[in-house]
Each structure stands twice: as structure tokens, then as C-alpha cells.
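In: Just a sequence and a predicted model for now, questions to come.
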Amino acid sequence: MKSAYVPRDIEKELTPTRFRLWAAAFVLAWAHCVFAAPVRVSFLDTEAAREDTLSVFARAGCVTNHLAALRQAITHYYRTPLALDTSAFPPATNGFRKFASIDGFIAALGTNRLSFLDHPFELNCFDTALLLAGPEMDVNVDLHSHNGPFLAVQVTTNWNHWLIPVASLGDVYTTAYHAWYGAFMENRFHLVFTEKHKAILSSLYQYQPLPLGTSSNTVAAETQEALQRHWRRCGIQFPGNLSLVMLHRASTDYHLVVSDHMGVLLKQKDGYLYLEKTGGKGPFLRMDTQDPADIAAYFSTMTWPDYAFNFMSLNEGLFLDVPLMPRAAPMAASTAERARQAIRRRYNDISPVTLDDRGYAVRAELNLVPGVRMDDIRADFAQGSGNELEGKFRAAHSSSALAANTFGPWRKNPQPLCLMGTPGYEFLQFEKQCPTGLGGIPPNLDLLAAGPGIVVGVESKFLEFLSPKPPKFAASYTRENLPQMEECWATWMEALKDGPPQHLDAAQLVRHYLGLRNQPEFQGKRIVLLYLFWEPENWADFPEYRRHREELAAFYDHVKDSDVAFTWMTYPDLWRLWEYLGLYPDHLREIRRRYLLAI
């Protein structure tokens, strides 16, 4: 059937007038179009697919040493097998799979979001695209000149994004890129990014403000105008042989648009070749298509409800609507129940014994992964105030068992444990009580690790936060009774009292803070309160997990200047960090076999 794509070279700029006239026709055509053109996809996880792809870009004039670095990056990525369920995919031929239409590919992906697959963070989408297209590009703004303000993308250690105003493109780059990433690129792939490369990347990877009056009727035009105005301001020269393809997410609530995904498109005699790295953790993806609108349809798999308006640009002149990923159909089971069922199934699949109907093991030791000995941890849990071993510890979804299974191998010898970037711990205990000084039953930390100059208290969560709970404090928790309490924590405590139910048990974190701060033997050391929690691989598909992260971000922002450092991390991120550092491979295999799953 006829393509809805505009019949002219994509590299040619569309003027605003031509764009508006064409856009109206395009939207109508696309809305009634049934995508029937076949597409061919490959994750470049075979030598044949990888070399075929690189040879195409070599013929297109891409820089030889950049292609060599890309070859290294692709090969290195697949040293870890692709963590993607391809059971709904057609069989591969030389690494390529053919779908009758783009809809077939999207349906086969299901709820899988490629950028969230379980894999160490490596080469990202921006640097992949600019290795190919960057040599043809230029930018007029110097990396270090204070030509701002710019709205940089701030990436936390938990991979959450928000914006921060900065003065230069160099500040944009430093805000978005952690130092370890550059060191990893240089050490692993011999890639040292030039100042020009960083300036181009930083000028594209940003937020842009939208007018306060932007509405659903005007957001497309306002987004295009804001982006093109910024690109002119930076003097960006787009490539000629390739087209730079970017995803822009816009919100009329935030009055912002963020450009945070990129690939490249190459026009060929028989169609188009699109190539991207789906994210720092995601695989490489090649798509051969007859119509670039197929890429916009694929981009729908990267959309989120909080940024309801999404657009794809090709170089500086062509913008296509990206449909919002449909919300999943209502589920009969709650998110917590789905998680419990998935965890129970996984246990039963890999264990010689089965759980009871509640998801509990007959004995506590049957809930431990290989390599963790009950004799090493029994005394800790016996003296805790929760009577864990006779009850909750036996549940497959127990947060205390999750902590024991993750840290148990180092209970008797904590020296090799690496936590908060620090090895050489001298003391490790589960269910450690740290009295707050207010009397009553002291709060139990799931784990306490201490070493020279550092104390880390760990609060472990599995499924508890999926059900919101109102914050609760005893009557003794007042500023007058807690003179040692820092102002940032005191104001948060007062705000929590009689507050609405939350996914984050912030009141419990306040009690842990007081307990850690109240121990005289910890004074003079760096004290860290680590909130460590489990999420499934597809956490982003569930509002409970998203809201939990939002509440965590707000909590962290309020107490970030405290003498007791508060930080948070997911268990899967901790395991990925250990893998990246080359630590504990046998233990990681057992932990992931048990706990790494989607729901």
C-alpha cells in the first residue's frame, strides 16, 4: 500500500509553512493507515548481522576507527547474553528476523522495554549515533563558554532523570555523564570523545522550556519551534549522508520537552536502515523498513504517561508524531499479588521443594540461596525483635530473606564485601537494633556494616511499599525530645505526622536515622542510611513502582544535606554494580536466578 511518508528526501529541510501543511495531511493519512510493509530487525547479536551492518555504514563514508570502536562495543555487549524473551519472535536467519509489519514487531516485544533489560550500562544511544553521524556535524557554541542557561539532564545513580540549569555545554555534559563512563569507554573501547563530540551531544541532549500557555492543540508546533530555536542558537549543523533521528518527549503539565533518545537513519536503494543503541543497558537494534514512520511507531515503546506528547525528528526539519504506548488492560490481580505470584513461580521452578499456598517455605533454611548458610545468620535473626525465622523469613517474598541471601556470604568475613564503593568492612550484622534514645522497642536495621571510618545501615524492602501506609510516630517523637535531630529531618517528620498514606515508609527511615545518629560508637565516622529495595525488570509498567520512586526522590531531596547520608538503590542495580566490578560471579548467578524477573 502507499506510504504515508512525505515523498521527498528526508535530508531536505521543511520550512515551517510546508511543515504545517504537510503535517495535517500526514496525521490524517497515518491515522487511517494500516501498516502493512514488512520490516526486518536485528539486535546485531550475530557476527553476520554485525558485519553486514558495519559494512553498510562503511560504504556510506563513516569513519573507519569509529566503526572499529563500534564493532568492539557490539561484541563486548553480547558477552552477556541478550536478556530478552524472543519466544514471540519469528525465527532468525543470520541474525535477522522478518515481521509482516512494524505492528508485529511491537506486539512481539510485548511489555519488554529494551532500554531496561538486565545488563551492565555500556555505550549509550547518543554516543552510538554520533560515532556514525558526528564527523559530518558541527556546532558553533564552545564547550566551555558560558553561553547558558541550558537545562541539563541530571542523571542520578538510580538512573532517574530531571533537569538542572547550568552555564555551559561543558556543564551539561558533566551533569549528564558520570566520570566512570568516560573511563570505561577509554579503557574498554579506546574511545576518547573529542570536545566537538561532547559539544554536539550536549547541545542535543537537553530539556527545553515550552510556553506556559502550551496546550494539547499547540504542543506539536511549540515543541518544534522550541527545538529549532535552540538548535539555531547553538549553530548545530546536521549530517548530510545520514539523518539523525531523535525522540522528544513533551509535557503540557511541566511545560517542558526533553530530547533523550537518538539513532541514525540511512537511505538505501530499497528503503531505509535505522540503527540505534536502545539505551546504556539496552541492546543494539537495526531496523530495515520502507517507511521512516515505522520508526516513530517503534518509538511508542519508549513513551511514558507523564510525558503524553511525543515526537520524532529527522535532522532539523521533519517532525512526526509518536503515538503514546497504550496503557495495559486492567488486571484482575493487584501489582503486589502479581509480584508474589511471579516470585513464588520462580522459587518453585528452580527449587527441589515447593512453597505452600501462601508462598512460604516449610523451614527458614529452605529460603536461602546456595552459598548462604543458616548457621552463619541464625544468631542475628534470633536476637532481632521481629522473630523473623519462625515467620516472615520463610516467605519467598521476605525482605529480610532477600537481604540475607544478598549479603549472607560475608556475615562471618565481611572484608571482601564492597558496599557504597567501599571494601574492607570489619563488622556485619543482620537485624541490628539501634536505639533512638526515646525508649520503647528499638528499630531493627536489616543490616549494619561497619569499617574504618564508615557505618552503613541498610533498610531492605521487597514488596512492602506496594501498599501505601499512613506515617506513624509515637507521641514521644517531638522536637523537644530530639535535640540531636537535624532541621531537615525534623521538618520532614512534622510534615509526615497525620499525612496521607505513602508507598515510602518515611517514618521508618526517620527512626533509622535517629538510631544511627544516637550510637556513640558511630560518632566521627561517615554514617550512611541505605534504602535498598527490589523491583521487577518491568517495574516502569506499574504506577506503584513509579510513585514509590517519586516519593523517594522527594525524600532524598529534603534530607540530602544531612550529616547522616541518605541514599537509595535497587537490588538489581547493586547486583549490576558488582558485575561491572567483576565481583562475586558465582553468588550473583544464584541471586539473579532466584530474584531477577518480570511480573
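Out: Arrived safely, thanks for sending.
In: Please work out the average pLDDT along stretch 103-117.
Out: Average pLDDT, stretch 103-117: 87.
In: so where do the helices sit in the stretch 151-300 of the chain?
Out: Listed in chain order, the helices of the stretch 151-300 of the chain (DSSP state H, counting those that start in this stretch) span 169-176, 179-189, 195-204, 219-234, 293-299.
In: Looking at residue 120 now. What's its pLDDT?
Out: With respect to pLDDT, residue 120 has a value of 81.
In: what's the answer for the one 5 residues further on, then?
Out: Per-residue pLDDT puts residue 125 at 96.
In: Which residue is the nearest non-sequential neighbour of it?
Out: residue 277 (4.7 Å; Cβ to Cβ, 6 or more residues apart in numbering). C-betas here are computed from N, CA, C, even on glycine.
In: For the one you found, list the residues it contacts.
Out: Listed by Cβ atoms under 8 Å, 6 or more residues apart in numbering, the contact partners of residue 277 are 123, 124, 125, 127, 128, 129, 263, 283, 284, 285.
In: Okay, and the first one sits in which element?
Out: Residue 123 is part of no helix or strand, with elements assigned from DSSP states H and E.
In: That one contacts residue 73, correct?
Out: Yes - counting by Cβ atoms under 8 Å, residue 73 is a contact partner of residue 123 at 4.4 Å.
In: Low-confidence ranges, the stretch 301-450 of the chain, go.
Out: For the stretch 301-450 of the chain, the stretches with pLDDT under 70 are 327-333, 384-387.
In: all helices of it, in order?
Out: Using DSSP H, counting those that start in this stretch, helices in the stretch 301-450 of the chain cover 335-350, 374-383, 399-407.
In: Quick one: work out the angle between the shortest one and helix 335-350.
Out: Interaxial angle, helix 399-407 versus helix 335-350 (axes from the mean of the first three to the mean of the last three Cα atoms, to 10 degrees): 50 degrees.
In: Please apply the same query to the second one.
Out: If you take the same axes, to 10 degrees, helix 374-383 sits at 150 degrees to helix 335-350.
In: how about the CA coordinates for stretch 39-52, as PDB?
Out: Below are the C-alpha coordinates for stretch 39-52, written out as PDB (Å, rounded to 0.1, in the frame of the first residue of the first chain):
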ATOM      1  CA  VAL A  39      10.200  -4.800   8.500                       C
ATOM      2  CA  ARG A  40      13.400  -6.700   9.200                       C
ATOM      3  CA  VAL A  41      15.100  -6.300  12.600                       C
ATOM      4  CA  SER A  42      18.300  -7.500  14.200                       C
ATOM      5  CA  PHE A  43      19.900  -6.900  17.600                       C
ATOM      6  CA  LEU A  44      23.300  -7.400  15.900                       C
ATOM      7  CA  ASP A  45      24.000 -10.400  18.200                       C
ATOM      8  CA  THR A  46      25.500 -12.500  15.500                       C
ATOM      9  CA  GLU A  47      28.700 -11.800  13.600                       C
ATOM     10  CA  ALA A  48      26.900 -11.900  10.200                       C
ATOM     11  CA  ALA A  49      24.400  -9.200  11.200                       C
ATOM     12  CA  ARG A  50      27.000  -7.100  12.900                       C
ATOM     13  CA  GLU A  51      29.500  -7.200  10.000                       C
ATOM     14  CA  ASP A  52      26.700  -6.600   7.400                       C
END
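In: Outside of that stretch itself, which residues are in contact with it?
Out: Residues outside stretch 39-52 that contact it (Cβ under 8 Å, 6+ apart): 53, 71, 74-75, 78, 82, 84, 92, 94-99, 101-102, 104-105, 283-289, 294.
In: circling back to that earlier point, common neighbours of residue 123 and residue 73, please.
Out: residue 189.
In: Adding distance to residue 539 and neighbour count, write the contacts of residue 277 out as CSV.
Out: Shown next, in CSV, are the contacts of residue 277 (distance: Cβ to Cβ, whole Å; neighbours: other Cβ atoms under 10 Å):
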residue, distance to residue 539, neighbour count
123, 24, 24
124, 20, 23
125, 21, 23
127, 26, 25
128, 25, 23
129, 27, 25
263, 25, 28
283, 19, 22
284, 23, 25
285, 22, 19
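In: returning to what we had before: please determine how far the residue nearest to residue 125 is located from residue 339.
Out: Between residue 277 and residue 339 the distance is 30 Å, computed by Cβ to Cβ, to the nearest Å.
In: that older thread, among the helices of the stretch 301-450 of the chain, which is nearest residue 357?
Out: Of all those, it is helix 335-350 that lies closest to residue 357, at 9.4 Å by Cβ to Cβ.
In: Show me what counts as buried in the closest one.
Out: Using 16 or more other Cβ atoms under 10 Å as the test for burial, helix 335-350 gives 335, 336, 338, 339, 340, 342, 343, 344, 346, 347.
In: now do stretch 516-535
Out: Here stretch 516-535 shows 516-519, 522, 527-535 as buried, counting by 16+ other Cβ under 10 Å.
In: could you dump the longest strand along the chain to CSV, C-alpha only?
Out: Secondary structure of the chain per DSSP state E: the longest strand is strand 256-268. The C-alpha coordinates for strand 256-268 follow below in CSV (Å, rounded to 0.1, in the frame of the first residue of the first chain):
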residue,chain,number,x,y,z
LEU,A,256,9.0,21.1,29.1
VAL,A,257,10.3,18.9,26.2
VAL,A,258,13.3,16.7,26.7
SER,A,259,15.3,15.1,23.9
ASP,A,260,16.7,11.9,25.3
HIS,A,261,17.0,9.2,22.6
MET,A,262,18.9,9.1,19.4
GLY,A,263,19.6,6.9,16.4
VAL,A,264,20.7,7.2,12.8
LEU,A,265,18.8,6.6,9.5
LEU,A,266,20.5,5.8,6.2
LYS,A,267,18.5,6.0,2.9
GLN,A,268,19.2,3.0,0.7
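In: what's the helix or strand for residue 53?
Out: Assessed by DSSP H and E, residue 53 sits inside helix 47-59.
In: For the helix or strand that that helix is followed by, which outside residues touch it?
Out: Using DSSP H and E, the helix or strand that follows helix 47-59 towards the C-terminus is helix 64-77. Helix 64-77 has contacts (Cβ under 8 Å, 6+ apart) with 44, 50, 54, 57-58, 119, 122-123, 128, 131-132, 134-135, 188-191, 283-284.
In: phi, psi of residue 508?
Out: phi -60, psi -40 (degrees, to the nearest 10).
In: Residue 231 and residue 316 touch, don't they?
Out: Yes - under the criterion of Cβ under 8 Å, residue 231 makes contact with residue 316 at 5.7 Å.
In: among the helices of the stretch 151-300 of the chain, which gets the worst mean confidence?
Out: helix 179-189 (a mean of 88).
In: by contact count, what packs against that helix?
Out: If you count contacts as 3 or more Cβ pairs under 8 Å, 6 or more residues apart in numbering; DSSP states H and E, helix 179-189 packs onto helix 64-77.
In: buried residues in the helix it packs on?
Out: Neighbour-count burial for helix 64-77, with 16+ other Cβ under 10 Å as criterion, is recorded at 66, 67, 69, 70, 71, 73, 74, 77.
In: what's the spacing between the most far-flung residue of the chain relative to its centre and residue 510?
Out: Centroid-distance maximum for the chain: residue 480 at 41.4 Å, with Cα atoms, centre = their mean. Remark: distance between residue 480 and residue 510 (Cβ to Cβ) = 16 Å.
In: likewise residue 181?
Out: From residue 181 across to residue 510, the span is 35 Å (Cβ to Cβ).
In: For these two, indicate the residue with more neighbours.
Out: When residue 181 and residue 510 are compared for neighbours, residue 510 comes out ahead with 24 against 18, by other Cβ atoms under 10 Å.
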